[in-house]
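Chemist: Make a model of this:
(chains A and B)
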Amino acid sequence: MTKLSNRIGLQRHISIFVTLLVLMLLAGGFFSNRVDAAGKDTLVVARAMDINSLDPHIAFCDTCKVVIGMMYETIVKLGPDNKTILPQIAKSWDVSKDGMSYTFYLDERAVFADGSPVESKDVKFSIERWQNLKQDSNMYVKSISKVDASDPRKVVITVSSWPSELLGQLAVPYAGIVNSDLAMANGAVSSADAPEKDKAEAWFMKNSAGSSPFVLESYRPDEEIRLKQNPRYWGKKPAIKRVIIKHVPQSVSQAQMLESGQVDVAMQIDADTAKTIRSRDVVIKSQPSYYFNYVALVPGATNLKVPLTPKVREAIALAIDHEGMLDVTLGGAGRVQPSVIPVEFPGGSGFPTPRQDLAKARKLLAEAGHPNGFEILAVYPDLTSYGVNYSVVMQKVQQDLAKIGIKVILEPVTMAVLRARTGGTVPMTILMWAADYMGSAQYVQYFAMVPGTTWFYLASGTTNDMPSLVNHREAELMEKLQKAGAKEAEKLYHEFAKEMIKDYVIIPIGNPDLLLTYRKNVQGMRYDIITEIPFDEISKR
Amino acid sequence: MLRYIVRRLIAIPLLIFGVVTVCFFLAHSIKGDPLSSLLSFRQLGNPEVVAATKKRWGLDKSLPEQWFIYIRNLLSGDFGTSFRTRRPVLEDISDRLPATLELAIASLVIGSLAGISLGMLAAYYRNRRIDDGARLFALVGSSMPVFWSGLILLFIFSVKLQILPGPGRLDPVTDIPPYVTGMFTIDALIAGEINKFLEVLKHMILPAFVMAWSMMGIISRVVRASMLDVLNQEYILTARSKGARELRVIINHALRNVMIPTLTIIGFSFAYLITGAVLVETIFSWPGVGYYAVSSTRALDFPAIIGVTIIGATAFLVTNLVTDISYAFANPKIRLG
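Modeler: The predicted model follows:
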């Protein structure tokens, strides 16, 4: 009897404690997340951030283009049509008749965030530092041979080659103009010994030195970056006074935060996740992107079971079911891209959509001496890029190639490991390309099968020496391109695109549609090929 | 006991030195050039850029030379610069470790209290509905992958019911409290910001519960088994026959004897919570050291990997020491020597 009453006493103690706790929390309004996440002045954005630096001349990543584009202005900028080059720090410019010299006239009103004027010495310092640090984005300044800043309001840039795309290249955020006095005071160096002497990156991780509408407020890696309005901005001030970009790695988490109103914009919601969003307060706009994923073949790999000859490569390309790939990986939310140069870029249009042709693929394999197929290793990054899960892509490739007898062995690795192995022991992989500016030279520099390009280096097994892989027509086109004007260049790029299709080293497998997902009180959202979303144009109701 | 503690404390730096050396050479012997985490595909084949990057990061020196420089810098508190975040590794870790510790401590408190309570209830009401319910609840928690339970709970409590906040340590627009310990709960209290303290608590409920739920199973199982054993002992019968209240019998007489095996499990669980929090940290955008460690490993960020290993090794060594010492406090019969 005593034991029973004691048991009842124990139960009562527990019940009273739990009830009191819940009542106390409810009374205090503790259980509510109905917080106005941000007022009209603050924009909160969810994004999986891959920032590798905030120094404009060192950084190179997708998020870097977004945030550096907000903190630093360039000499010129890309217009809303994603094609036209518009003035920014330079109010106008002249191009010499031979196309080798560009004179930029700087806007007298332009000032840095500390109030000091933007002068030609800042432009010279920035371009030379960008060149001499020799970091990832360095390829865009390779063509510049001289920067003359003898007049404080005028800059003359002389180029040695590929002049037709200089303006596009100068609109890339990595060409950001920094306050040279401030940067030098914090360890920045623009001379040839910059790789060793420049110690400013740590400072740039905590401060900004640009002339743009926003300045860096704080940055906490893997957590958030905060930018606030530059009170001294010399141009049209943005409606938003503060932008907070939260690091939210998962697409599902981004969607949940957007639906519950904790963020105003989510930048990387994939098509499948977008379909689960039910909130009427969320706007989802889909539009074609210029990104594309591609399967790459490496004839110079050292662990090939059979040589990846042109016929074998063509057979592999013909076995891929492009439409099916879009359905499987993106639920159809994308486009098939025929050549490595996207349709919107100079020379990229006018090619037929690639179709699966198993009969021809089998015939080519038989002609190459492999009627029963062979085995090939595919080493690929185990990630999801802009809604495309690479494991799913490679499984689809595996299924498609199995139809012509090719057995694909899948080996997922991290991106850093892939970078370390690509070329040597990676016969097949998948990667993504995002344009850095509007221009087709970047595709040629990266994908052409000519010694000196990135993919020739990789496809040759990192030897840069594989005569059978060289496309001599592309080498000829490169020569011609160096002397071509803009109109002629477009025709040459079209030729390039045609040749690069025939290389069958890079096989584009589709552009995922870009989803702009935001709360309905956000206005002015649009897609910019460089910075993804121009935040200075956004306002909130 | 003091001699034992001093001896163990002296051994810790020597063990850490060994860990650092092994880790340094191991990290540099695996497949994967550090350059591949510093440069993109575009420049890996550009000898000029490769040379400039090697020079910038000191990778042009021989491995023993790099090790010597690393040890020298380490002794002056410099853990190197992260390839990935481009910030001093120590700064990165001191930003993240408090976040992980705060979450781990909250999870440990919830998991221990709930695990012990469930185990006690299950033992006390053996083979009855409460026992079945408690065991089922604990079993579900420890069986369900945390990334799944995390997403489901976020969906229910944050998106649908809107009674708890979404991912992150604070609401997106809230400024972090002034840095003192890096643990936002404590820092907010020190700054006298009660609203911020409550906000931090709200943000911590779901991730802490998800982590705690995953460890409740093992704790409750250990407690239940030990409790069943203890409840059949004669001294429990003696206490009851003397008319002691049931709560007193359970807490004072039974629980104390159950604590020895339970403490061992809790000690190991804490080490697991610190190092194994990565999935919860990813789902809840919790910028902790687990997420940092995994991101750094994926990026072949050697300075960060070695930095985290040093901290992880230290945490394990200290936790083991604290667990051993706490045995002696929990049971005076145990003497350390």
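
Chemist: now A:A59, nearest residue through space, not along the chain?
Modeler: Leaving aside its sequence neighbours, A:A59 sits nearest to A:S53 (CB to CB, 6 or more residues apart in numbering or on different chains; 4.0 Å). Using the backbone N, CA and C atoms, a C-beta is placed for each residue, glycine as well.

Chemist: Could you pull out the strands in the stretch 301-450 of chain A for me?
Modeler: Secondary structure of the stretch 301-450 of chain A (DSSP state E, counting those that start in this stretch): strands at A:334-335, A:375-381, A:384-385, A:388-389, A:407-413, A:428-433.

Chemist: neighbours of the residue of the stretch 101-250 of chain B found nearest chain A, just the number please.
Modeler: Closest residue of the stretch 101-250 of chain B to chain A, CB to the nearest CB: B:E246 (3.1 Å). Neighbourhood size, B:E246 [other CB atoms under 10 Å in any protein chain shown]: 20.

Chemist: Just the pLDDT for it.
Modeler: Looking at B:E246, its pLDDT is 81.

Chemist: do the same with the one 3 residues further on
Modeler: pLDDT for B:V249: 83.

Chemist: thinking it is in contact with B:I236, fair?
Modeler: Yes. B:V249 lies in contact with B:I236 (CB atoms under 8 Å); the separation is 6.3 Å.

Chemist: what's the span of stretch B:39-57 from first residue to last?
Modeler: End-to-end distance of stretch B:39-57 (CA to CA, to the nearest Å): 12 Å.

Chemist: Does that stretch reach chain A?
Modeler: Yes. Stretch B:39-57 reaches chain A (CB under 8 Å from any CB of the partner chain) through B:39-46, B:48-49, B:52-53, B:55-56.

Chemist: which among those end up buried?
Modeler: Neighbour-count burial (16 or more other CB atoms under 10 Å in any protein chain shown) is assigned, among these, to B:39-46, B:49, B:52-53, B:56.

Chemist: got CSV for those residues, with pLDDT and secondary structure too?
Modeler: Shown next, in CSV, are these (pLDDT from 0 to 100; DSSP: H, G, I helix; E, B strand; the rest coil):
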residue, pLDDT, secondary structure
B:L39, 86, coil
B:S40, 83, coil
B:F41, 81, helix
B:R42, 80, helix
B:Q43, 82, helix
B:L44, 80, helix
B:G45, 78, coil
B:N46, 82, coil
B:V49, 88, helix
B:A52, 88, helix
B:T53, 88, helix
B:R56, 85, helix
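
Chemist: which of those residues sit farthest apart?
Modeler: Spatial extent of these (CB to CB) is set by the pair B:F41 and B:R56 at 18.9 Å.

Chemist: Which of the strands of the stretch 301-450 of chain A sits closest to chain B?
Modeler: strand A:428-433 (7.3 Å).

Chemist: average pLDDT for the closest one?
Modeler: When pLDDT is averaged over strand A:428-433, the result is 94.

Chemist: can you map out the helices along the stretch 51-200 of chain B?
Modeler: With DSSP state H, counting those that start in this stretch as the criterion, the stretch 51-200 of chain B has helices at B:63-75, B:89-124, B:129-143, B:146-153, B:184-190, B:194-231.

Chemist: Would you mind pulling up the elements that the longest one packs against?
Modeler: I take that to be helix B:194-231. helix B:89-124, helix B:129-143, helix B:146-153, helix B:184-190, helix B:256-275, helix B:278-283 (3 or more CB pairs under 8 Å, 6 or more residues apart in numbering or on different chains; DSSP states H and E).

Chemist: and the second one, anywhere near chain A?
Modeler: No. Against chain A, helix B:129-143 shows no contacts by CB under 8 Å from any CB, the least distance being 9.0 Å.

Chemist: for the strands of the stretch 301-450 of chain A, which one sits closest to A:V252?
Modeler: strand A:384-385 (11.2 Å).

Chemist: what's B:N73 in contact with, if anything?
Modeler: Contact analysis of B:N73 by CB atoms under 8 Å, 6 or more residues apart in numbering or on different chains lists B:79-80.

Chemist: distance of it from chain A?
Modeler: To chain A, B:N73 is 15 Å away according to CB to the nearest CB, to the nearest Å.

Chemist: Which residues are in contact with A:V265?
Modeler: A:V265 touches A:43-46, A:258, A:517-519, A:522, A:525, A:533, counting by CB under 8 Å, 6+ apart.

Chemist: How about A:N52?
Modeler: Counting by CB under 8 Å, 6+ apart, A:N52 touches A:59-61, A:64, B:84, B:86.

Chemist: Now flag whichever of the residues you listed is closest to B:V109.
Modeler: Of all these, B:V109 sits closest to B:R84, with 32.2 Å by CB to CB.

Chemist: on that earlier part again, ok, so of the contacts of A:N52, who is nearest A:T309?
Modeler: A:F60 (34.5 Å).

Chemist: For the stretch 151-300 of chain A, which segments count as helices?
Modeler: With helices called from DSSP H, counting those that start in this stretch, the stretch 151-300 of chain A shows them at A:166-170, A:180-185, A:194-197, A:201-204, A:251-259, A:271-274.

Chemist: and the fifth one with chain B, contact?
Modeler: Yes. Helix A:251-259 comes into contact with chain B when judged by CB under 8 Å from any CB, the residues involved being A:252-253, A:256-257, A:259.

Chemist: Okay, angle between that helix and helix B:146-153 too, please.
Modeler: 20 degrees (axes from the mean of the first three to the mean of the last three CA atoms, to 10 degrees).

Chemist: tell me what helix A:251-259 is packed against?
Modeler: The helices and strands touching helix A:251-259, judged by 3+ CB pairs under 8 Å, 6+ apart, are strand A:42-47, strand A:265-266, helix A:271-274, strand A:514-519.

Chemist: so which of those comes closest to B:A191?
Modeler: Minimum separation from B:A191 across these (CB to CB) falls at strand A:42-47, 21.7 Å.

Chemist: Briefly note if that closest one comes near chain B.
Modeler: Yes. Applying CB under 8 Å from any CB, one finds strand A:42-47 in contact with chain B at A:42, A:44.

Chemist: And for stretch A:155-172?
Modeler: No. For a cut-off given as CB under 8 Å from any CB, stretch A:155-172 has no contacts with chain B; the smallest distance is 13.1 Å.

Chemist: Quick one: distance of that stretch to the chain centre.
Modeler: Relative to the centre of its chain, stretch A:155-172 is centred 21 Å away, using CA atoms, centre = their mean, to the nearest Å.

Chemist: For that stretch, give the mean pLDDT please.
Modeler: Mean per-residue pLDDT for stretch A:155-172: 85.

Chemist: Next: stretch B:260-272.
Modeler: Per-residue pLDDT values across stretch B:260-272 average out to 79.
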